[in-house]
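**Student:** No sequence on hand, only this structure:
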Ligand code: URA
């Protein structure tokens, strides 16, 4: 891989800025000043420094964000986006799937397009677990309908989902699909209304409850590996 591409991918600068840094003797490979930004490096074995800071190249990075309410799950726009909460220089980050603006909780942020594609593909039935609070009591008939799979908005079919009541107006819901506003539309079809929604889990990846809304952290090795389980 070219030196300038590796450094640009890590958000160290544009290719032009990296060319200038090379000319200014600011970049070293294995302790030797490198003036040529097009040189090929092995990111696994070569030690690259910029201004004497070691740069560790990672092709893909993975973060979990505890998404706060009031923020959109997009990469750009006039409004505040989830990426505004990720303090990282890495290029090409995006959220894996969307949570509604008023939904809180677990959002995976990465630059790993192939993994995101697999996690979001309907054929993989990736589980997503939510904490759901509703306006009115949830009845046994409501639970039965949700468990069997139900029609929402007249003709759209939702796959069977797991529901566990926590109290009369709070439940845990596990979905294997991700239709637009799915949980809100399920409860609206039952004549109820979602008043609070938080994602707790995606596949085996649990929201780290030590993260306050708006905080993020890098995933641990075993958490990354678990995302590939069964879909790798
Ligand atoms: N279902 C919804 O209605 N909203 C979300 O944000 C996620 C699931």
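**Tutor:** That came in fine, so what should we check first? In this text, all values refer to a predicted model and were calculated from it rather than measured experimentally.
**Student:** I'd guess residue 141 is in a strand, am I close?
**Tutor:** No. Assigned with DSSP: H, G, I helix; E, B strand; the rest coil, residue 141 falls outside any strand and is helix.
**Student:** what separates it from the ligand, distance-wise?
**Tutor:** Residue 141 sits 21 Å away from the ligand, going by C-beta to the nearest ligand atom, to the nearest Å. (Each C-beta comes from the backbone N, C-alpha and C, glycine too.)
**Student:** got the contact list for residue 2?
**Tutor:** For residue 2, the contact set (C-beta atoms under 8 Å, 6 or more residues apart in numbering) comprises 37, 38, 39, 40, 41.
**Student:** who does it bridge with?
**Tutor:** Following DSSP bridges, residue 2 is listed with bridge partners residue 40.
**Student:** any idea which element residue 69 lies in?
**Tutor:** Of the helices and strands defined by DSSP states H and E, none includes residue 69.
**Student:** Determine the number of other residues adjacent to it.
**Tutor:** 16 (other C-beta atoms under 10 Å).
**Student:** what's the pLDDT at it?
**Tutor:** Note for residue 69: predicted pLDDT of 98.
**Student:** pretty sure it contacts residue 105?
**Tutor:** No. Assessed by C-beta atoms under 8 Å, residue 69 is found out of contact with residue 105, at 9.6 Å.
**Student:** Can you name the residues of this structure that neighbour the ligand?
**Tutor:** Contact residues (C-beta under 6 Å from any ligand atom) of the chain with the ligand: 99, 100, 103, 181, 182, 183, 184, 197.
**Student:** Measure how buried the residue nearest to the third one when sequence neighbours are not counted is and give me the count.
**Tutor:** If I follow you right, that is residue 103. Here the nearest residue to residue 103 in space, its sequence neighbours aside, is residue 197; by C-beta to C-beta, 6 or more residues apart in numbering that works out to 4.5 Å. Number of residues near residue 197 (other C-beta under 10 Å) recorded here: 22.
**Student:** which residues sit in contact with residue 197?
**Tutor:** 100, 102, 103, 104, 105, 130, 131, 132, 133, 183, 184.
**Student:** same question, residue 8
**Tutor:** Contacts of residue 8 (C-beta under 8 Å, 6+ apart): 14, 15, 18, 91.
**Student:** Ok, residue 69 next?
**Tutor:** Taking C-beta under 8 Å, 6+ apart as the test, what residue 69 contacts is 101, 102, 103, 104, 213.
**Student:** just to revisit the earlier point, out of the contacts of residue 2, which is nearest to the ligand?
**Tutor:** Of all the contacts of residue 2, the ligand sits closest to residue 41, with 41.7 Å by C-beta to the nearest ligand atom.
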